[in-house]
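A.B. asks: Need a 3D model of the sequence below.
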Amino acid sequence: MRVLMFLLILLTFGFAKAEIKVVATYPYIASITKEIVKGKAQVDYLASGNLDPHFIVPKPSLTVKLRNADLLIINGASLEVGWLPPLLNQASNRKINPSSIGFLDLSQYINLIEKPENVSREMGDVHPEGNPHFHLDPYNVPIISQVITEKLCKLDSSNCDYYKNNLSDFKKRWNEKLAVWNSKMASLKGVKVYQYHKLFDYFLKRYGIISVDAIEPLSGIPPTAKHSEELISKSKSENVKMILQDVYHPIKPAKYISEKTGLKIVVLPHDVEAVEEAKDMFSLFDTIVERVNK
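C.D. replies: Prediction:
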């Protein structure tokens, strides 16, 4: 009798389907995924939100996360190309290799901007697929959430309705916030700015803000004295209003240009947890909108 009871317990609990483990490359992906899965899956991420997303140190702890994952969600558009492949090789997890069912490249579902016609080293560190920072257009976030939900339903069909209900709730709340952000950003249409790196182009394009130039003379190339002087000279003729600075590039070049021109520097987060206020996707855009409007 005890043996039968033990077997029943095993059948009821021991062989119950375990929660799927999702690993995202960046915090913003994890934040969106958590909105969909709630408590039905484990969600983790690899890169800290305050770091340069192009260059992440491939630590052994990251390999462990990948080794145990059922689903890997990446930004794509070559953003992870410099650091993710060696981690995948070390993890040896066939479930999450590219082209496997447990692999999702978000960039494949987004209309990327700034696709170069040709790629050469003379152009700096360009991405052949286009600008990879597409999550900074708030209108791309519902697309991302939809794609993630569809992938989760394929991997975990028993919870598909649950995921879809959470998606519907997320999109409703997101659209409510979009109306608020759109209203606050309306007055900045046509404003001209500099930025350190072409990081916020999707956000600027969405709201009609003009990026006149970048402090980097070419993408990924450190600023030069000559280029900084050109920006100083051009700032008045172009009526530039502010410098958008991210959290991981050095701020010294922006400060130099600001001292010479009087342009204010606005430090913006590019990802969840890049600054203290940006705790999730909602507060990420709250923070961006609030800071550019100060």
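A.B. asks: Contact partners for residue 141?
C.D. replies: For residue 141, the contact set (C-beta atoms under 8 Å, 6 or more residues apart in numbering) comprises 32, 135, 174, 281. All C-beta atoms are positioned from the backbone trio N, CA, C, and that covers glycine.
A.B. asks: For residue 150, state which of the residues you listed is nearest.
C.D. replies: residue 32 (13.1 Å; C-beta to C-beta).
A.B. asks: Would you agree the closest one is in contact with residue 143?
C.D. replies: No - here residue 32 lies out of contact with residue 143, judged by C-beta atoms under 8 Å, at a distance of 10.5 Å.
A.B. asks: ok, those two, which is more surrounded?
C.D. replies: residue 32 (27 against 16; other C-beta atoms under 10 Å).
A.B. asks: Tell me which stretches of this protein form strands.
C.D. replies: Using DSSP state E, the strands found in the chain span residues 20-24, 41-45, 71-74, 103-105, 192-195, 210-214, 240-245, 264-267.
A.B. asks: Mind splitting this structure into its structural domains?
C.D. replies: 17-178, 186-292 (automatic domain parsing).
A.B. asks: Need the ones you listed in TSV (columns: mean pLDDT).
C.D. replies: Formatted as TSV, the domains of the chain follow (pLDDT from 0 to 100):
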stretch	mean pLDDT
domain 17-178	94
domain 186-292	97
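A.B. asks: ok, back up a step: so which of the strands of the chain is the most packed in?
C.D. replies: Counting by mean count of other C-beta atoms under 10 Å, strand 71-74 has the highest mean neighbour count of the strands of the chain, with a mean of 26.
A.B. asks: That strand - contacts with which helices or strands?
C.D. replies: Contacts defined by 3 or more C-beta pairs under 8 Å, 6 or more residues apart in numbering; DSSP states H and E place strand 71-74 against strand 20-24, helix 27-37, strand 103-105, helix 141-155.
A.B. asks: Please enumerate residues in contact with it?
C.D. replies: Strand 71-74 has contacts (C-beta under 8 Å, 6+ apart) with 20-25, 29, 33, 66, 80, 84, 96, 102-106, 148, 151-152, 155.
A.B. asks: That strand - which strands sit beside it in the sheet, and in what orientation?
C.D. replies: strand 20-24 (parallel), strand 103-105 (parallel) (DSSP bridges).
A.B. asks: Please name whichever of the ones you listed is nearest to residue 238.
C.D. replies: strand 103-105 (37.0 Å).
A.B. asks: Check which residues of the helix ranked longest in the chain are buried.
C.D. replies: If you go by DSSP state H, the chain has its longest helix at helix 160-185. For helix 160-185, the neighbour count (16 or more other C-beta atoms under 10 Å) marks 162-164, 166-167, 170-171, 174, 177, 181, 185 as buried.
A.B. asks: Please apply the same query to stretch 75-90.
C.D. replies: Quick answer for stretch 75-90 (16+ other C-beta under 10 Å): 75-80, 83-84, 87-88.
A.B. asks: In stretch 216-229, which residues are buried?
C.D. replies: Buried residues in stretch 216-229 (16+ other C-beta under 10 Å): 216-217, 219, 223, 227-228.
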